[in-house]
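Peer 1: Got a predicted structure here, sequence first:
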Amino acid sequence: MWLNPDQMNSLLYWDNPRDSGIACGSVLVCLLAVRYISLISVIGNLSLALVTATMSFRIYKSVLAAVNKTQEGHPFKQFLDIDVTLPADKVAEITDALSTS
């Protein structure tokens, strides 16, 4: 998980009400959305919102760099530089395990 045990306890015991409210509120909204709308629609709309927010942030950073005449580069460069290649033998092993079970 992304939260260490101290952060998880802080959220659960409401040490910081703002952060706990945001976490619990977003979970509540997702649960209500799944209750009244199909799960596929909820996942699709959340994905669309994520893509929209990401592109808006990138456009904002590009406009800000153009106005300030700086060369900040791509705002997600640190994530684009990560090597995400999968070894072929590992992929074959996983697909064999999934197909036999």
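Peer 2: Yes, it's here.
Peer 1: what residues are up against Leu64?
Peer 2: By Cβ atoms under 8 Å, 6 or more residues apart in numbering, the contact set of Leu64 is Glu72. In short, each C-beta sits where N, CA and C put it, glycine included.
Peer 1: In the helix or strand bottoming out on mean pLDDT in the chain, which residues are buried?
Peer 2: Scoring the helices and strands of the chain by mean pLDDT, DSSP states H and E places helix 77-80 at the bottom, with a mean of 84. Neighbour counts over helix 77-80 (16 or more other Cβ atoms under 10 Å) mark no residue as buried.
Peer 1: following it, which helix or strand comes up?
Peer 2: Later in the chain than helix 77-80, the nearest helix or strand by DSSP states H and E is helix 88-100.
Peer 1: Report the rounded mean pLDDT for the helix or strand where Ser10 lies.
Peer 2: Secondary structure from DSSP H and E places Ser10 in helix 5-12. Averaging pLDDT along helix 5-12 yields 87.
Peer 1: buried stuff in the very next helix or strand once past that helix?
Peer 2: Once helix 5-12 ends, the next helix or strand along the chain (criterion: DSSP H and E) is helix 17-36. Buried residues in helix 17-36, counted by 16+ other Cβ under 10 Å: Ala33.
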